[in-house]
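J.: Coordinates only, no sequence provided:
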């Protein structure tokens with residue numbers, strides 16, 4: 001880092017104070033107590049819960065259920081098997097659908113001290129194979145009795161089958177040496193079509209006590225989890241860390257109606273998801289009964305509209321608290337707040353107050369500090385992901401070293417935000433072409449690469465379609481080499497789902513004789529945006 005850059009970073013107006021406690025405006029009237037855990041990492045929380053209430057339900061998917069004593073037994077047994085099969089510093093991959101076995105895989109992998117990479121067995125096989133290739137796994141965890149295509153796993157890589165219905169008999173947990181290496185690798189989209197991984201240390205993945213304190217989570221809470229295993233299931237750890245019940249609902253496998261019925265029967269008190277999905281759920285008949293006992297709703301991952309809050313308020317119990325959290329894959333949570341309706345003064349809801357322990361600065365295009373209230377690119381300072389995951393190793397990512405703290409990093413998010421006089425932050429837009437669709441990052445360049453590689457496609461440009469009051473969607477404009485034989489739309493959508501990810505499949509695809517371009521040959525995005533307002 002140059003002397004000029006170092007000086008510039010030091011001169012920024014770093015904001016480091018959170019104006020309110022994390023539970024401000026939240027469930028402050030709900031008593032809670034933090035688990036007395038000496039070693040928060042690994043199996044510590046599950047050991048505490050199993051000792052405190054061994055016969056209490058820990059996790060269920062409606063078919064298979066584990067008490068806390070059973071969960072600890074399965075996690076200890078699996079952790080020991082991983083510890084024996086994978087050398088220190090090695091990687092273990094879980095290839096599973098979401099469910100009790102997947103929860104065991106997350107906890108046991110962290111307990112073994114090995115690097116953990118989750119792959120969702122519900123994703124297209126091409127995606128699974130690509131992620132596995134990037135993982136450099138030394139072992140793979142699967143669920144006993146579940147039919148999976150593991151043809152992409154070499155015979156030299158051992159497969160560890162977990163049967164959650166059978167006790168392990170293991171009574172002693174592994175005691176791995178403390179490591180500064182990666183505990184978790186999460187894959188997001190990349191602009192080249194190749195999966196892009198970020199590696200995280202144990203401290204980054206173990207901020208559970210902070211969230212237990214914010215939401216006042218107790219053993220009486222009932223969580224519903226709809227998350228894909230590709231999202232690591234870390235949110236599920238929040239439930240079992242506080243001794244709550246975790247109900248895993250796999251909508252892809254059982255359908256929306258059955259999933260909501262399961263949530264209603266469970267009496268869910270805590271639910272967290274992205275706004276675009278909640279808009280669909282709120283329109284479901286009887287949704288008020290599904291969420292009749294809900295006390296906390298967490299929103300994250302994408303722009304939240306005032307109309308979303310109004311709709312949600314009309315369906316949820318009057319005393320249910322709505323929490324919004326904003327963050328980045330690299331830095332974790334940055335802003336958060338419990339929504340107060342009087343603080344919403346426009347069509348888009350603020351993203352929250354600065355989370356305690358974080359530092360941020362807003363900069364103009366030239367890197368200079370912005371004036372109070374002005375829009376600037378968000379820079380974050382503090383503990384971050386360790387780096388990128390490439391060829392089975394951690395490599396530097398888009399981080400700048402902190403000139404004043406070797407344990408800290410600085411990350412330019414590419415997000416444009418402003419801080420209001422009341423200390424709430426507002427999201428304005430993005431500098432680059434990475435966008436969030438249904439709460440997940442989508443790289444427009446990656447989608448274009450997949451489309452261009454499809455047979456008979458000559459060129460492709462993907463844009464975001466924004467409609468006031470609705471979630472952002474993707475639209476693709478395509479030219480074909482042979483106009484007499486254009487590809488089927490279903491074929492193109494399958495190609496994107498397999499080569500990129502399901503959430504990156506364009507909602508609208510249009511064929512054009514040619515892509516409109518500017519004088520510098522870049523796509524004319526204004527013209528393409530105008531086309532979206534014209535009949536297809």
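T.: Cool, the structure landed. Values in this document were obtained by computation on a predicted structure and should not be read as measured data.
J.: Can you give me the buried ones in stretch 129-143?
T.: Using 16 or more other C-beta atoms under 10 Å as the test for burial, stretch 129-143 gives 129-132, 134-143. (Each C-beta comes from the backbone N, C-alpha and C, glycine too.)
J.: Need the contact partners of that stretch.
T.: 78, 82, 85-87, 90-97, 99, 101-102, 105, 109, 117, 119, 148, 150, 152-153, 157-164, 185, 187, 194-195, 197, 389, 391-392 (C-beta atoms under 8 Å, 6 or more residues apart in numbering).
J.: Repeat that for stretch 270-280.
T.: By C-beta under 8 Å, 6+ apart, stretch 270-280 touches 215, 217, 221-224, 226, 235, 239, 244, 263, 281, 291, 294-305, 308, 311-312, 437-440, 471.
J.: Show me those that map onto helices.
T.: Within the contacts of stretch 270-280, residues falling in helices by DSSP state H are 215, 235, 239, 263, 281, 308, 311, 312.
J.: out of the residues you listed, who's nearest residue 501?
T.: residue 235 (18.8 Å; C-beta to C-beta).
J.: how about the strands in the stretch 1-150 of the chain?
T.: 57-60, 65-67, 91-96, 115-120, 139-143 (DSSP state E, counting those that start in this stretch).
J.: wait, I meant the stretch 351-500 of the chain
T.: 353-354, 359-363, 376-382, 387-390, 393-395, 399-401, 409-419, 425-430, 434-437, 440-443, 457-465, 473-480.
J.: circling back: let me know the closest of the ones in helices among the contacts of stretch 270-280 to residue 321.
T.: Of all the ones in helices among the contacts of stretch 270-280, residue 321 sits closest to residue 215, with 8.4 Å by C-beta to C-beta.
J.: Contacts only, for the closest one.
T.: 23, 26, 27, 270, 296, 298, 323 are the contacts of residue 215 under C-beta under 8 Å, 6+ apart.
J.: contacting residues for the fifth one?
T.: What it means is residue 296. 26, 27, 215, 269, 270, 271, 320, 321, 323.
J.: partner residues bridging it?
T.: Beta-bridge partners of residue 296, counted by DSSP bridges, are residue 270, residue 321.
J.: Residue 55 and residue 387: what is the separation?
T.: 43 Å (C-beta to C-beta, to the nearest Å).
J.: my bad, should have said residue 292
T.: From residue 292 over to residue 387 the distance is 45 Å, taken as C-beta to C-beta.
J.: More neighbours: these two, which one.
T.: The neighbour count for residue 292 versus residue 387, taken as other C-beta atoms under 10 Å, is higher for residue 387 (20 against 14).
J.: Pull up the per-residue confidence for that one.
T.: On the pLDDT scale, residue 387 is placed at 91.
J.: give the contact list for it.
T.: Contacts of residue 387 (C-beta under 8 Å, 6+ apart): 198, 199, 394, 395, 396, 397, 399.
J.: Quick one: neighbours of the residue nearest to residue 202 when sequence neighbours are not counted, just the number.
T.: Spatial nearest neighbour of residue 202, excluding adjacent residues (C-beta to C-beta, 6 or more residues apart in numbering): residue 183 at 4.4 Å. By other C-beta under 10 Å, the residues close to residue 183 number 22.
J.: Was I right to think residue 183 contacts residue 115?
T.: Yes. Shown here, residue 183 and residue 115 form a contact pair, counting by C-beta atoms under 8 Å, at 6.6 Å.
J.: one step back: between which two of the ones in helices among the contacts of stretch 270-280 is the distance greatest?
T.: So, these by C-beta to C-beta: farthest apart are 239 and 311, at 26.0 Å.
J.: Relative to residue 242, how far out is residue 37?
T.: The value you get for residue 37 to residue 242, if C-beta to C-beta is used, is 11 Å.
J.: The two: which has the busier surroundings?
T.: residue 242 (27 against 16).
J.: was I right about that one contacting residue 220?
T.: No. Using C-beta under 8 Å, residue 242 is not in contact with residue 220; the gap is 9.7 Å.
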